[in-house]
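In: sequence and computational prediction follow.
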Amino acid sequence: MRMQRIASQAKFETVAVLRNGEQLLISLVFPLGLLIFLAKTPLLAGLGVIAPDADPLTIAVPAALSLSLASSAFTGQAIATAFDRRYGVLRQLATTPLGTNGLILGKLGAVIIVVLIQFALVLAVSLVLGFRGPIDVLGAVLATVFGTAALLSLGLLMAGTVRAEATLAGSNLIWVLMAGVGGLVIAHPGEWGTVVGYLPSGALGDAMRAAVGSGNIDIKAIIVLLVWGLVGTLAARRWFRFE
Amino acid sequence: MSSSALTIRGLHYSYGAHHVVDGIDLDAHAGSILGVLGPNGAGKSTTISLAVGTRRPDAGTVRIFGRDPVTDHEATSQQAGVMLQDGGLPMSAKPLQVLGHLSSLYSDPLSVEELAGPLGLHEFSGRAMRRLSGGQKQRVALAAALIGRPSLVFLDEPCAGLDPQAREVVHSFIRDLADRGVAVVLTTHDLAEAEELSDEVVVIDRGRIIAQGAPEDLRNASDDSRRLDIRLDRPAVPDLIRRLCDIAPASAQGATITVEGALSAAQIAAVCTAIAEAGAQIADLDMHAQSLADVFFELTGRPLR
């Protein structure tokens, strides 16, 4: 019965995301647009990210996957949870048999479902564009699991500690920074690249680029994500306020 | 004899150094309506949060049908429905979708239709929650509190923002709940509503219960604002006032006489006889009874906090 309640909550939240135009834009349209843009324009070669004769899909596909995950696990959940908190939805659900733990697990379930849908769409479009790997499945799974844990816990931490409007503005700004300069989409050279490699966005980008496109596992990046996941979860458990 | 659905003993809760709930004892019984009154910031909503287990008390015990709502949340939440003051429902979904989802969280829920019809939810069921008026949201929130077929229900300002028709429907719903054996804890600022609906009332102020009892008992506990106003056909003479003061404290201003206190029938008859013997006639007579609002103001004061 408990699992049924969690599954019901996950389904309800998934439907809410898929019916929300802004969430769809950030979760599906932007990542797919990024994939097609990077695959079909000479931008990556022009920036020196790849050699002129290299396949841009080896960067574009992991970039789209990482951006998808960040959109759902961090920005989307942060905004949705912050407004649920503002409107008392979290308090109301906490009084039902779902309880607070069930509510959090339901949100996690919704993120996993949405990420699976996103990944299926991104990989389908990638195949149409001619992407043939290589992919290290274990590396991709590890990057996805630990990346989700890190970003979701940080998103919930933000949603549970600051006002809804601040979460809306802040999580969107962080999404732009993660994509632009945070190592989520492309690896950055030099010292900045080293720094962002220790951030959740850079570590997720590194782990996903290693697994999808290069066909190996970036152990250091996975460990960084694991640590962020632990820190984020502990912080969220300590400071998250339901009202 | 009704059984205890909610038992609270020695409840304490603080925000830092501020004692919001300071030693509250409370009981709610099956088939009765307990009105919880108090000024803003008195500790009512915090008490309800502690009662349903969304907060852990600093000290004291809460039992819902004998179980602790914090450590045995799954069992107690199946038996207790909660309507929050601020709605607490997802704004992007439609009312019946919300109720359908909430019903899936309970083991023996009511059907959505059992609530949607009587509460008139169909008339706006095609609109997202965020597009509903305050009163419509209140009706959905009431349905959300009842969807789990609770034996104990907490209603925090259930009629705030409702028009008179919707208010009557909700009042009827609340009475019906009690008639069916549900224990109702009703938090409200509407003193007339509390007086009309409640079998028992508690008044909370500064985290403590300062009065408790049936509304009628509370009204009768003090005679301060009970009086008889009599308008005569001529100014009252001093002799008449002296005779009336032998019956009860009396005063006059022009043709209007005021006799203070809760007068018995015999005292009222004696007052009328004295007036007639003084050669005056009664033009108008008004009996002022103490209302629950009078008691509330007497207990908590009138100044804003």
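Out: Yep, it's here. Numbering: from 1, shown residues only, chains lettered A, B, ... in the order given.

In: burial measure for residue 86, as a count.
Out: By default, I'm working from chain A. 17 (other C-beta atoms under 10 Å in any protein chain shown). Backbone N, C-alpha and C define where each C-beta goes, glycine included.

In: think we crossed wires, I meant chain B
Out: 18.

In: for B:L152, same thing?
Out: 23.

In: ok, now B:L232?
Out: Per other C-beta under 10 Å, the neighbour tally for B:L232 reads 20.

In: surely it is in contact with B:A276?
Out: No: judged on C-beta atoms under 8 Å, B:L232 makes no contact with B:A276 at a distance of 10.8 Å.

In: give me the pLDDT for residue 1.
Out: Defaulting to chain A. pLDDT for A:M1: 70.

In: I was after chain B.
Out: 43.

In: near chain B, which residues of chain A show up?
Out: Within chain A, the positions near chain B by C-beta under 8 Å from any C-beta of the partner chain are A:1-2, A:4-5, A:8-9, A:12, A:16, A:19-20, A:83-84, A:87-89, A:91-99, A:242.

In: so which of the residues you listed are in helices?
Out: Counted as lying in helices by DSSP state H, out of these, are A:2, A:4-5, A:8-9, A:12, A:16, A:19, A:83-84, A:89, A:91-94, A:99.

In: run a quick neighbour tally on the residue nearest to B:P150 when sequence neighbours are not counted.
Out: In space, and not counting its chain neighbours, B:P150 is closest to B:G81: 3.5 Å by C-beta to C-beta, 6 or more residues apart in numbering or on different chains. For B:G81, the neighbour count with other C-beta under 10 Å is 28.

In: how about B:A248?
Out: 18.

In: do you know how far it is from B:A266?
Out: In this view, B:A248 and B:A266 are 11 Å apart by C-beta to C-beta, to the nearest Å.

In: before we move on, what about B:D286?
Out: To B:A266, B:D286 is 20 Å away according to C-beta to C-beta.

In: does B:I282 touch B:T273 like I think?
Out: No: look at B:I282 against B:T273 with C-beta under 8 Å: they stay out of range, at 11.4 Å.

In: interface residues of chain B facing chain A?
Out: Checking chain B against chain A by C-beta under 8 Å from any C-beta, the hits are B:49, B:52-54, B:73-74, B:77-78, B:80, B:82, B:84, B:86-93, B:101-102, B:104-107, B:144, B:148.

In: which among the residues you listed count as buried?
Out: B:49, B:52-54, B:73-74, B:77-78, B:80, B:82, B:84, B:86-93, B:101-102, B:104-106, B:144, B:148 (16 or more other C-beta atoms under 10 Å in any protein chain shown).

In: in chain B, where is pLDDT below threshold?
Out: By pLDDT under 70, the low-scoring segments of chain B are B:1-3, B:221-225, B:290, B:301-305.

In: where do the helices sit along it?
Out: Here chain B has its helices, by DSSP H, at B:44-52, B:73-79, B:95-103, B:112-116, B:134-146, B:164-179, B:191-197, B:215-221, B:238-245, B:265-277, B:292-300.

In: quick one, which of these is packed in tightest?
Out: Highest mean neighbour count of the helices of chain B: helix B:44-52, a mean of 25 (counted as mean count of other C-beta atoms under 10 Å in any protein chain shown).

In: packing partners of it?
Out: strand B:4-15, strand B:18-29, strand B:33-37, strand B:59-64, strand B:80-83, strand B:152-156, strand B:183-187 (3 or more C-beta pairs under 8 Å, 6 or more residues apart in numbering or on different chains; DSSP states H and E).

In: nearest to A:S27, of the helices of chain B?
Out: helix B:95-103 (20.6 Å; C-beta to C-beta).

In: residues in contact with the closest one?
Out: A:8-9, A:12, A:96, B:89-90, B:93, B:109-112, B:115-116, B:121, B:124-125, B:127, B:129, B:132, B:136, B:140, B:143-144, B:147-148 (C-beta atoms under 8 Å, 6 or more residues apart in numbering or on different chains).

In: I'd say B:L299 and B:D205 touch.
Out: Yes: the pair B:L299 / B:D205 is scored as a contact, 7.0 Å apart, by C-beta under 8 Å.

In: what mean pLDDT does the helix or strand where A:L103 lies have?
Out: Applying DSSP states H and E as the criterion places A:L103 in helix A:99-129. For helix A:99-129, the mean pLDDT works out to 91.

In: name all residues that make contact with the one residue in chain A that gets nearest to chain B.
Out: Nearest residue of chain A to chain B: A:Q92, at 3.0 Å (C-beta to the nearest C-beta). Listed by C-beta under 8 Å, 6+ apart, the contact set of A:Q92 reads B:82, B:84, B:87-89, B:144.

In: what is the nearest of the residues you listed to A:K40?
Out: Distances from A:K40 to the contacts of A:Q92, taken by C-beta to C-beta, are shortest for B:L89, at 44.2 Å.

In: pretty sure the closest one contacts B:K137?
Out: Yes: using C-beta under 8 Å, B:L89 is in contact with B:K137, at 7.1 Å.

In: any shared contact partners between the two?
Out: Both B:L89 and B:K137 are contacted by B:M129, under the criterion C-beta under 8 Å, 6+ apart.

In: where does the residue lying farthest from the centre of chain A land in three-state SS?
Out: The outermost residue of chain A relative to its centre, with distances by C-alpha atoms, centre = their mean, is A:D53 at 29.9 Å. Classification of A:D53 by DSSP: H, G, I helix; E, B strand; the rest coil places it in coil.

In: right, and chain A sits closest to which residue of chain B?
Out: The nearest approach of chain B to chain A comes at B:G88, 3.0 Å away (C-beta to the nearest C-beta).
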